[in-house]
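Q: structure here, sequence nowhere to be found:
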């Protein structure tokens, strides 16, 4: 049971990093990205590429970040021509195109079978390897949180919020909205790819099933439920959602429910939770703090 | 027009077949406050939108400090020193008044400087005080009244240290006491060399503030004179009150 707790907490940390990435885009800048999972996938496939090519595993990180940066810039470029909602649809479509391409490509990605046998971090530290990994993921989460906090509380953070709410006012004051979009997409793409790289070396397997669009909506539910534009809130959302979904099988066993219950209950937790919060508590469990910039 | 900070030459704008600006030409010098007047639909706000890059022009040339800014994007024009406000300023829900005002300072800043920690400085406090916004400084900007939002938008534009400030009806909905404060503040900035182009209907405000008025009617300039000369200008009277049908009478 302890190992299971460590496992769920480890995954929650990595999803917390992803939620922080989405929060920079959607929470603070108003970039409604439904294709976040593709940026995460750049990180997982970066790790897989390094493994497949026989490189040092750490080289998978810059490879993943470079791919995510390119994709992030492409998303940002699309944002120049598309309004917010159409941009969201475009990002979802691109993420799906990438997933389908990866599924059908064999040489580099291993197709639908994916790539397995990636090295597991701290495998030599048994029986403390799980705790060591959790400590690493928690440290990464803390560092990314600190970075995001500094960013959103800076003058650049003010420009992100102004773009989110009053783009016309931002333009009239000289803010280059394309540059803001580019920087936010680059930074958050790198963060998502970092999470992907760690995830790949945790599961030791990379496959296209990890890139399905419900994964993006799971991250959205973490952000909405935790508190959009609140960095602590979205981490809380990531832990809440991960633990809620992880403990569904125990509820099934306790109540002697059919196996189908697990998949259905997880969908209900994500979809129902998202809907309930959007209707009754749209600011989430930890609402955004107005006036939290660094100035005083 | 040599030496003008802002120069418009034969600037035109049409929406379909409807000509909104028909080859208008005028200039604004540094340290000058010019009123842009005219009845509703005369093209004042369109002129401001074209000058500030929010609408492309169909013809003509606009220069700011000698640089051609015709059809340059709004944010780039701000880099040349032109900042504008809007007729109906909309303010963010999740930023405080102080934060919005601070945002006025970094519009053209480099990315590196924007990522450094900042502090709310004395200049920001002075602007809050001047525009009587100190007591609401930590409220969400959207919570302000319509008049206060106007004041905040003017203060935010001034925070960006413009060379030319374009104001679109800055006093609509503003309390008369604050309106006279605004005259004092804007004249103070004029004395520092800031040029101001103001679209306004309030003639009292125009008389107190402006040294010159440009009057538009149906997209054409019909007068360019001192405010006190406006009432003696037959074309201006006709544009505002209608055509005189008989000596001593006007058709309303």
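A: Good, I have the coordinates. As the structure is a computational prediction, the values presented were derived from the model and not from experiment.
Q: what is the burial count for residue A:279?
A: 8 (other C-beta atoms under 10 Å in any protein chain shown). The C-beta positions use only the backbone N, C-alpha and C, and glycine is treated the same way.
Q: give me the three-state assignment for it.
A: Here residue A:279 is recorded as helix under DSSP: H, G, I helix; E, B strand; the rest coil.
Q: can you pull the pLDDT of it?
A: pLDDT for residue A:279: 95.
Q: ok, now how distant is it from residue A:59?
A: Residue A:279 sits 46 Å away from residue A:59, taking C-beta to C-beta, to the nearest Å as the criterion.
Q: and residue B:8, by the same measure?
A: For residue B:8 relative to residue A:59 (C-beta to C-beta), the value is 58 Å.
Q: please identify which of these two sits among more neighbours.
A: residue B:8 (25 against 15).
Q: in contact with the closest residue to chain B within the stretch 151-296 of chain A, which residues?
A: The nearest approach of the stretch 151-296 of chain A to chain B comes at residue A:174, 3.0 Å away (C-beta to the nearest C-beta). Residue A:174 is in contact with B:75, B:78, B:79, B:83, B:107, B:108, B:160, counting by C-beta atoms under 8 Å, 6 or more residues apart in numbering or on different chains.
Q: please, which helix or strand holds residue B:109?
A: For residue B:109, there is no host helix or strand (DSSP states H and E).
Q: right, and it touches residue A:158 too?
A: No: using C-beta atoms under 8 Å, residue B:109 is not in contact with residue A:158; the gap is 10.8 Å.
Q: of those two, give the one with the bigger neighbour count.
A: Between residue B:109 and residue A:158, residue A:158 has the larger neighbour count (other C-beta under 10 Å), namely 27 against 17.
Q: and the residue nearest to that one when sequence neighbours are not counted, how far is that from residue B:132?
A: Excluding the flanking residues, the one nearest residue A:158 by C-beta to C-beta, 6 or more residues apart in numbering or on different chains is residue B:103, at 4.6 Å. Residue B:103 is 20 Å from residue B:132, where distance means C-beta to C-beta.
Q: ok, the two, which is more surrounded?
A: residue B:103 (27 against 14).
Q: distance of that one from residue B:9?
A: Taking C-beta to C-beta, one finds residue B:103 at 34 Å from residue B:9.
Q: ok, now residue B:71?
A: Going from residue B:71 to residue B:9 by C-beta to C-beta gives 14 Å.
Q: do residue A:257 as well
A: Taken as C-beta to C-beta, the span from residue A:257 to residue B:9 is 79 Å.
Q: from start to finish, how long is stretch A:279-287 in a straight line?
A: Distance across stretch A:279-287, first residue to last, is 15 Å (C-alpha to C-alpha, to the nearest Å).
Q: that stretch near chain B at all?
A: No: using C-beta under 8 Å from any C-beta of the partner chain, stretch A:279-287 never reaches chain B; the gap is at least 9.4 Å.
Q: looks like residue B:80 contacts residue B:62 (just checking).
A: No: if you go by C-beta under 8 Å, residue B:80 and residue B:62 don't touch, sitting 10.4 Å apart.
Q: need the overlap of contacts for the two.
A: With C-beta under 8 Å, 6+ apart as the test, residue B:80 and residue B:62 both reach residue B:69.
Q: so residue A:56 touches residue A:47, yeah?
A: No: taking contacts as C-beta under 8 Å, residue A:56 lies outside contact range of residue A:47: 11.4 Å.
Q: more neighbours: which of those two?
A: residue A:47 (30 against 7).
Q: what's near enough to touch the more buried one?
A: Taking C-beta under 8 Å, 6+ apart, one finds A:57, A:60, A:61, A:64, A:118, A:196, A:197, A:200, A:201, A:206 in contact with residue A:47.
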